[in-house]
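**Student:** when you get a sec, could you give me coordinates for this:
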Amino acid sequence: MAVEDFIIPDGLYYTKEHQWVKVDGGLAVVGITDYGQHQLGDVVYAELPEEGQQIEAGDKLASLESIKAAIDVFSPLTGEITSVNTDLKEEPSLINTDPYGDGWIAEIKMSDPTELEDLMTAEDYRAYIEELEEED
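**Tutor:** Numbers count the residues shown, from 1 in each chain. The predicted model follows:
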């Protein structure tokens with residue numbers, strides 16, 4: 001598939017682990033990118049973090065199981081989890097059908113917004129996907 005086949009919204013931050021981060025003030029919503037959910041396949045189970053939990057960048061944020069694989073989702077940022085998408089417990093497939101909307105995973109109150117500088121822009125992420133697709 002070509003990069004153009006994947007939805008990569010501008011204005012978000014991205015990780016090499018195929019997560020997106022949407023920043024609103026001091027809060028950051030985290031989810032799996034369209035490319036990431038496509039690689040994973042149909043998500044059938046989501047293990048989510050607890051609200052109020054402190055998390056460090058690189059710590060396990062969630063676990064997802066699909067028909068193809070089970071993966072851990074790591075937090076791109078340090079902070080406190082202020083909200084969790086409990087809809088994913090009943091309907092984990094939201095990650096596939098609406099990765100940037102109803103399929104979000106958690107909201108983090110950032111303790112160090114400078115960590116965003118380590119993440120990719122949409123343009124950087126598109127280039128990264130192109131490299132991955134060329135390797136396949």
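**Student:** how close does Leu94 sit to Leu119?
**Tutor:** Plainly put, Leu94 is 23 Å away from Leu119 if you go by C-beta to C-beta, to the nearest Å. Bear in mind the C-beta positions are built from the backbone N, C-alpha and C, glycine included.
**Student:** and what of Gly101?
**Tutor:** For Gly101, the distance to Leu119 (C-beta to C-beta) stands at 20 Å.
**Student:** more neighbours: which of those two?
**Tutor:** Taking Gly101 and Leu119 together and counting by other C-beta atoms under 10 Å, Leu119 has the greater number of neighbours (21 against 9).
**Student:** nearest residue to the more buried one in space, please, no chain neighbours.
**Tutor:** Of all residues not flanking Leu119 in the chain, Tyr13 sits nearest, at 3.8 Å (C-beta to C-beta, 6 or more residues apart in numbering).
**Student:** show me the shaky parts of the protein.
**Tutor:** Applying pLDDT under 70 to the chain flags no residue at all.
**Student:** just the helices in it please.
**Tutor:** Using DSSP state H, the helices found in the chain span residues 34-40, 87-90, 94-97, 122-135.
**Student:** between the ones you listed, which gets nearest to Ala69?
**Tutor:** Nearest of those to Ala69, taken as C-beta to C-beta: helix 34-40 at 6.3 Å.
**Student:** in the closest one, which residues are buried?
**Tutor:** With burial defined by 16 or more other C-beta atoms under 10 Å, the residues of helix 34-40 counted as buried are 34-38, 40.
**Student:** same thing with stretch 2-20?
**Tutor:** Judged by neighbour count using 16+ other C-beta under 10 Å, the buried positions of stretch 2-20 are 3, 6, 8, 12-15, 18-20.
**Student:** try stretch 84-92
**Tutor:** Along stretch 84-92, these residues count as buried under the neighbour rule (16+ other C-beta under 10 Å): 84-85, 88, 92.
**Student:** adding distance to Gly26, write those out as JSON lines.
**Tutor:** Formatted as JSON lines, the buried residues of stretch 84-92 follow (distance: C-beta to C-beta, whole Å):
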{"residue": "Val84", "distance to Gly26": "18"}
{"residue": "Asn85", "distance to Gly26": "19"}
{"residue": "Leu88", "distance to Gly26": "24"}
{"residue": "Pro92", "distance to Gly26": "28"}
